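Participant: generate a structure from the sequence data that follows.
(one chain, ligands or ions: 2)
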Amino acid sequence: MIETDDGHLAELIAEYEENGWCRSPFRFTDPAVNVLRGSLDAVCRRGGPEVVHEKGSTAVRAVHGCHEFEEAYAMLVRHPYLLALAEALTGTPVYVYQFKVNLKQAREGQAWPWHQDFAFWNAEDGLPTPAAVTLAVPLDDVHENNGPLNLIPGSHRLGYLGPGKVTPGDRSDWRRNFDADPEHTMEADRARELIDSFGSTRATGRAGTIQAFHPNIVHSSSDNASPDRRALLMVSYNSVDNAPLHPTRPEFLVGRNTDQLKPRCDERFPLEAV
Ligand code: SIN
Ligand code: MN
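Facilitator: Residues are numbered from 1 along each chain as shown. Ligands and ions are numbered 1, 2, ... in the order given. As a prediction, the model looks like this:
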């Protein structure tokens, strides 16, 4: 593993505070990405309740909580660099609140409407404050046409903008928030107003890059009409002091162990400079 000197963290913190997101100058190497991709295939084949499909299709849309049963992901979430980054960006010790891979299959992967992650986490789990950060690692190259995250940089500085448009649905079914028409989203007109003020940017990049997102940054992503899959692995780390007040969704969506996560080295996951 290459040495990631702590000096760059101060710059990343400043960028994150300003824009609500940042890209690390380090990435996982191609062999490391291959390990993570292999685990994704295994999880999709396993097919438990944590695997969500696109509406009316057998295409896998997302898998959740696999760090609890897939050994490579269990090690990844404890990666010393990811933990150091999450702790630097939140300013606190952290644990894994949520783990998912959104697959955005070639030609079948559907959109995610405009939203703030905190809107879901606060309404569904009672997350008290946005003292959390999502670290995202694309497992495929992400380009303009395979459904990259579309971000409104700086929108997190407006804070939590409210629960947004609430689509009536069966509140007992957690799955209602994992298709392309979830609750707690933002009206497109409101997002357009925000883009007029803040602009927007697409989080494209090579597989293995490491990006961080603030829980209040407004974001969306479009359908994937391209021939290229866009699998995006996301680990949401939460401050150990910010445990959800009413965690009722399944454990594979809301981690119950809020003890500080301890780093573990794994030689399968080396980093290199971007
Ligand atoms: C998200 O908003 O949490 C994910 C969206 C995506 O995978 O494109
Ligand atoms: Mn989101």
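Participant: C-alpha only now, for contacts and for neighbours.
Facilitator: Will do.
Participant: where does the stretch 1-150 of the chain come near ligand 1, residue by residue?
Facilitator: Contacts of the stretch 1-150 of the chain with ligand 1, taken as Cα under 6 Å from any ligand atom, map to 102, 112, 149.
Participant: pLDDT check: weakest of these?
Facilitator: Confidence by pLDDT is poorest for W112 among these, given 95.
Participant: now do the phi/psi pair for the closest residue to R107 other than its chain neighbours.
Facilitator: Setting aside the residues directly before and after it, R107 is nearest to A225 in space (Cα to Cα, 6 or more residues apart in numbering), at 4.3 Å. Phi and psi for A225, reported as degrees, to the nearest 10, are phi -90, psi 0.
Participant: A225: neighbouring residues, count only.
Facilitator: Using other Cα atoms under 10 Å, A225 has 17 neighbouring residues.
Participant: kindly report the same for A132.
Facilitator: If you count neighbours by other Cα under 10 Å, A132 ends up with 28.
Participant: helix, strand, or coil at the residue nearest to T209 when sequence neighbours are not counted?
Facilitator: Distances taken as Cα to Cα, 6+ apart place R27 nearest to T209, at 4.3 Å, with adjacent residues excluded. What DSSP: H, G, I helix; E, B strand; the rest coil gives for R27 is strand.
Participant: next one: the one 4 residues further on
Facilitator: Under three-state DSSP, the three-state class of P31 is helix.
Participant: so what's the residue nearest to R107 up against?
Facilitator: With contacts defined as Cα atoms under 8 Å, 6 or more residues apart in numbering, A225 is in contact with 106-109, 145-146.
Participant: distance-wise, check it relative to L103.
Facilitator: Using Cα to Cα, to the nearest Å, A225 is found at 13 Å from L103.
Participant: can you list residues touching both of these two?
Facilitator: Common neighbours of A225 and L103 (Cα under 8 Å, 6+ apart) are G109.
Participant: mind listing the helices for the stretch 151-274 of the chain?
Facilitator: For the stretch 151-274 of the chain, applying DSSP state H, counting those that start in this stretch gives helices covering 188-198.
Participant: neighbours of whatever residue of the stretch 151-274 of the chain ends up closest to ligand 1, just the number please.
Facilitator: For the stretch 151-274 of the chain, the residue closest to ligand 1 is S221, as judged by Cα to the nearest ligand atom, at 4.6 Å. Under the neighbour criterion other Cα under 10 Å, S221 is assigned a count of 19.
Participant: am I right that it is in contact with P113?
Facilitator: Yes: assessed by Cα atoms under 8 Å, S221 is found in contact with P113 at 6.6 Å.
Participant: neighbours around A42, how many?
Facilitator: A42 has 11 neighbours, counted by other Cα under 10 Å.
Participant: spatially central residue for the chain, please.
Facilitator: With distances taken as Cα atoms, centre = their mean, M234 lies nearest the centre of the chain, 3.3 Å away.
Participant: run through the bridge partners of that one.
Facilitator: Beta-bridge partners for M234, by DSSP bridges, are K100, A136.
Participant: for it, give me its contacts.
Facilitator: M234 neighbours (Cα under 8 Å, 6+ apart): 99-101, 134-137.
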